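Visitor: I'd like to go over a predicted model; first the sequence, then the structure.
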Amino acid sequence: MLSMDIKPETPWDGTPDISARIVVAITRVSSVLRAGMWEFATAQNLNPAQADILQLLRGRTHGVRLSWLATQLSVSPASASDSVTALVSKGLVRKDRAEDDRRASALWLTEQGRALAERQAGALGFADDAAAALDRQVQENLLVGLFKLIGELQKSERFPALRACLSCRYFEANAFPGSPAPHHCALVKAPLPIAFLRIDCAEQEPADPVTERRNWAAFA
Ligand code: SF4
């Protein structure tokens, strides 16, 4: 007979926590996506850092600073600079004076770079197809779950800034509480359903840090 404080063994006792399995699942998905991206990049004679820079510059009409790129890539400014120099010499990136500070320089994709970045993004079409094949409600739940996970990761300050709605100065959290479209975009001047929250919006402008933290907290 078992004593009261000894739990019976079950076949599932050795199963890792759900949190651990979430991390493993994301890691595996990320590896597959990286492999798909690098396969394309290698065929184009780009190294992984150069391929990542093309994607970071993609869809940005305002030039970005080298320091921002380095933060996004989690590398030193010197290392980011080497990759940018290679991309400039390939005619894929151009360096010019920053629009908001003429003494500083900023980086843009050239036409050739833009075309290559678009084709590169298309290399992940297989993953987009897989996500699109999920039931619509599952897609929404997954999106919300990923936003919440990113919000938690941001508390550890390991997550680089995103051009996401929740970090945007135009985002008005819970402007219509309880409604199917509870949030509001002050740029578009329209209610914003959760399913339409963006993770990388070209029009995004950073909110002040206090508002940003409040938005992510309200969403969680
Ligand atoms: S849609 Fe774009 S501009 Fe509007 S709140 Fe989201 S990130 Fe900001």
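Guide: Thanks, I have the structure now.

Visitor: contacts and neighbour counts: CA atoms only from here.
Guide: Noted.

Visitor: Any regions of the chain where pLDDT drops low?
Guide: In the prediction, the chain carries residues with pLDDT under 70 at positions 1-8, 220.

Visitor: And it, split by domain according to the record?
Guide: For the chain, whose domains are defined here by automatic domain parsing, the residue ranges read 18-125, 135-219.

Visitor: can you give me the strands for the protein?
Guide: All strands of the chain, identified by DSSP state E, fall at 93-97, 105-109, 171-172, 183-185, 190-192.

Visitor: Turn those strands into CSV, columns for mean neighbour count and distance to residue 125.
Guide: CSV is the format used below for the strands of the chain (neighbours: other Cα atoms under 10 Å; distance: least, Cα to Cα, whole Å):
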stretch, mean neighbour count, distance to residue 125
strand 93-97, 17, 24
strand 105-109, 21, 22
strand 171-172, 23, 29
strand 183-185, 21, 29
strand 190-192, 18, 26
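
Visitor: Kindly reformat those as CSV and extend each row with distance to the ligand.
Guide: Conversion of these to CSV gives the following (distance: least, Cα to the nearest ligand atom, whole Å):
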stretch, distance to the ligand
strand 93-97, 25
strand 105-109, 20
strand 171-172, 4
strand 183-185, 4
strand 190-192, 8
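
Visitor: which parts of the longest helix along the chain are buried?
Guide: Ranked by residue count under DSSP state H, the longest helix found in the chain is helix 18-43. When neighbours are counted by 16 or more other Cα atoms under 10 Å, the buried residues of helix 18-43 are found to be 33, 36-38, 40-41.

Visitor: So which other helices or strands are in contact with it?
Guide: Helices and strands touching helix 18-43, by 3 or more Cα pairs under 8 Å, 6 or more residues apart in numbering; DSSP states H and E, are helix 48-57, helix 111-122.

Visitor: Looking at those, spot the one closest to the ligand.
Guide: Comparing the helices and strands packed on helix 18-43 by their distance to the ligand (Cα to the nearest ligand atom), the top pick is helix 48-57, with 15.9 Å.
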